[in-house]
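Visitor: All I have is the shape, not the residue letters:
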């Protein structure tokens with residue numbers, strides 16, 4: 001039953017296992033990226049900073065690829081219907097999700113383009129990727145600024161997302177959060 005806080009959710013009330021896995025994998029990677037990005041920003045030039053930059057780029061490209069797959073999956077497998085919240089909450093949830101998806105594409109693209117115009121080659125798991133630009137401090141600065149500000153927007157959107165989830169979990173006590181939990185019980189065949 002959708003409105004109950006406990007019990008078994010029907011299969012059509014939950015996200016698919018793939019959608020759930022992608023959600024939590026991307027969430028973990030994004031949190032790691034935000035932490036690595038803010039930590040390495042103040043590091044002096046050296047081996048630690050260079051290594052973290054390469055790790056940051058590899059995780060960022062992986063997030064981009066996972067988001068492409070996730071977007072395709074979302075179009076093929078529609079999310080379960082919302083738990084009849086007030087219309088303003090539905091609109092806010094859709095807006096937050098839409099902007100989250102948008103920023104999760106802007107972040108890696110702006111980082112990749114910033115790197116392309118920095119004069120440094122981008123590597124993905126050690127493999128060199130095509131260089132889309134040339135050394136240009138102005139373009140590097142533009143894409144780096146987009147990357148930095150969209151990271152702040154992303155952090156804010158994540159906080160709103162978590163606040164909404166906690167509100168459903170602790171105040172409304174409905175099934176919204178359980179629909180996205182990896183180990184939730186459900187009726188019907190696995």
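Guide: Sure thing, it's come through. As the structure is a computational prediction, the values presented were derived from the model and not from experiment. Numbering: from 1, shown residues only.
Visitor: Let me see the contact set for the closest residue to residue 165 other than its chain neighbours.
Guide: Take residue 165 and drop its neighbours on the chain: the residue closest to it by C-beta to C-beta, 6 or more residues apart in numbering is residue 177, 5.2 Å away. Heads up, the C-betas are built off the backbone N, CA and C, glycines and all. Residues near residue 177 by C-beta atoms under 8 Å, 6 or more residues apart in numbering: 165, 168-169.
Visitor: Quick one: the strands in the protein, in order.
Guide: Using DSSP state E, the strands of the chain run over residues 123-124, 127-128.
Visitor: export those strands to CSV and tack on distance to residue 114, mean pLDDT and mean neighbour count?
Guide: CSV is the format used below for the strands of the chain (distance: least, C-beta to C-beta, whole Å; pLDDT from 0 to 100; neighbours: other C-beta atoms under 10 Å):
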stretch, distance to residue 114, mean pLDDT, mean neighbour count
strand 123-124, 15, 94, 15
strand 127-128, 17, 92, 8
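Visitor: quick one: the residue nearest to residue 165 from residue 78, how far?
Guide: 19 Å (C-beta to C-beta, to the nearest Å).
Visitor: backbone phi and psi for residue 43, please?
Guide: Per-residue torsions, residue 43: phi -80, psi 150 (degrees, to the nearest 10).
Visitor: ugh, wrong one, residue 45
Guide: Torsion angles, degrees, to the nearest 10, at residue 45: phi -60, psi 140.
Visitor: Which one (most neighbours) among the contacts of residue 177?
Guide: Among the contacts of residue 177, the one with the most neighbours (other C-beta atoms under 10 Å) is residue 168, at 21 neighbours.
Visitor: Excluding chain neighbours, what is closest to that residue?
Guide: Spatial nearest neighbour of residue 168, chain neighbours left out: residue 176 (3.9 Å); criterion: C-beta to C-beta, 6+ apart.
Visitor: got the contact list for the one you found?
Guide: 82-83, 165, 168-169.
Visitor: Among the contacts of residue 177, name the ones in helices.
Guide: The helices, defined by DSSP state H, take in residue 165 from the contacts of residue 177.
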